[in-house]
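[1] structure, please.
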Amino acid sequence: MSGAADLTFNFAAVLPGQAGSKHTHRAYFRWVDQYLVDLTGVKPTRGPQRIQRMCALPIPVLQSILSPTQLRAWLGLLHSRGQGKQALMQARASILTLTGLLAEAGWLDDYVPATMTRVKMPRAEEGQRPGRWLATAEIRQLMIAGRQIATSENQMLRNNVIMTMLCTMALRREELALARWEDISKQNDRVVLRVHGKGKKSAFVDMPRAVILALENWNRAIRHGGYAPHPTSPLIRRIWKGGRISRFGLSPNGIWIIIDAAATDAQIGHVAPHDLRRSVAGTLQHAGVPIEKISRLLRHSNVAVTERYLSRLPQVNEGAILMSDALGLDDDSDPFAF
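    Presented below is the predicted three-dimensional model:
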């Protein structure tokens, strides 16, 4: 005797009425199969086996894995694997189509497809909008502007710490906002910062001399203001009008506002905090730094993630310039003077 656990849905039979070409059908089957693989751990299928699976999708399983939260997480997973915008759009459409058909058949409440359609595409890394890779001259301009926009000495010292750390240590703004004085320590005569990254992971990053000096000046300003840094107090603090330093930390959004104001002052166009992380990675790559070192600084889970990350940056394509140099067309002589 069959029970509720044996109920199945024939996606292959009803899909032709929703999606046009056979090519689209195959693509939708592939994404639905991948969705099941990623969310339930079943083995992937191909060819006739995949068609068989699409003809008998287990309804109780679908009811447990079709939700806005799970769809959003899955699209984020695909994005982290390097899937492009078109692939993500098709993956999303396949799951929304399946959800709609299940609701029409009475296997899902009507609100389920309605809420799932509100799930947006993953934003480029982190993604989201196409990121910028700032030239070293632009980074210097931004760092100078960060100090210039300050309305007090304390704000200037605080902004200098923010700009120097973001522009050298490839920190995310959330990581900088979470940093505490106790996260700074010495290891084998090297001053390091313990960075609290994604997924509750932490890593130690060497601190450049410029960052250490900026922090020493900022530390003196805090002590002079009457709030001596406690080990657990935030590294970056708010500053009230008039330049008085607060006991409270600066939020990630507050860091964003400072970067945006500095970019406006420097007249270098829109710059997001994550663009500075990209710029550190791109500058180091352009300088010939091994990708393993770049990956370690970015605190990626593996080098493959860093390779995908760097592949999204603008690539130098200077072959024409090199050819022109080889022909001597760019020297002071007239190439047409024989």
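
[2] what about the helices in the stretch 1-150 of the chain?
    Remark: helices assigned in the stretch 1-150 of the chain by DSSP state H, counting those that start in this stretch are 11-14, 22-40, 47-55, 59-65, 68-80, 85-104, 111-116, 136-148.

[3] how about a markdown table for those helices, with mean pLDDT and mean neighbour count added?
    Quick note: C-beta positions are derived from backbone N, CA and C, even for glycine. Output for those, formatted as a markdown table (pLDDT from 0 to 100; neighbours: other Cβ atoms under 10 Å):
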| stretch | mean pLDDT | mean neighbour count |
| --- | --- | --- |
| helix 11-14 | 91 | 17 |
| helix 22-40 | 90 | 17 |
| helix 47-55 | 93 | 14 |
| helix 59-65 | 90 | 16 |
| helix 68-80 | 87 | 17 |
| helix 85-104 | 91 | 18 |
| helix 111-116 | 84 | 16 |
| helix 136-148 | 95 | 18 |
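
[4] now the terminal residues of stretch 45-62, how far apart.
    Length of stretch 45-62, first residue to last, Cα to Cα, to the nearest Å: 17 Å.

[5] so what touches it?
    Contacts with stretch 45-62, where a contact means Cβ atoms under 8 Å, 6 or more residues apart in numbering, come from 4-5, 7-13, 15, 29-30, 32-33, 36, 40, 98, 102, 107-108.

[6] kindly report the same for stretch 263-275.
    Contacts of stretch 263-275 (Cβ under 8 Å, 6+ apart): 125-126, 129, 131-134, 138, 141-142, 144-145, 148-149, 166, 172-173, 255-256, 259-260, 262.

[7] repeat that for stretch 279-295.
    Residues contacting stretch 279-295 (Cβ under 8 Å, 6+ apart): 132-134, 136, 139, 167-170, 297-298, 302-303, 305-307, 309-310, 313-314, 316.

[8] for the helix or strand where N159 lies, packing partners?
    Element membership of N159, judged by DSSP states H and E, is helix 153-169. Applying 3 or more Cβ pairs under 8 Å, 6 or more residues apart in numbering; DSSP states H and E, we find helix 153-169 packed against helix 136-148, helix 173-178, helix 209-224, strand 237-239, helix 252-266, helix 273-286.

[9] could you point out which element follows the shortest one?
    It refers to strand 237-239. For strand 237-239, the following helix or strand on the C-terminal side (DSSP H and E) is strand 245-249.

[10] what residues of that next one count as buried?
    245, 249 (16 or more other Cβ atoms under 10 Å).

[11] next, the angle from that strand to helix 209-224.
    Between strand 245-249 and helix 209-224, the angle comes out at 120 degrees (axes from the mean of the first three to the mean of the last three Cα atoms, to 10 degrees).

[12] strand partners of strand 245-249, parallel vs antiparallel please.
    Here strand 245-249 is paired, per DSSP bridges, with strand 237-239 (antiparallel).

[13] other residues contacting the strand it pairs with?
    Residues contacting strand 237-239 (Cβ under 8 Å, 6+ apart): 152, 154-155, 158, 222, 227, 245-250, 254.

[14] distance from the chain centre to stretch 108-119, please.
    27 Å (Cα atoms, centre = their mean, to the nearest Å).

[15] repeat that for stretch 133-151.
    With Cα atoms, centre = their mean, you get 22 Å for stretch 133-151.

[16] thanks a lot, catch you later.
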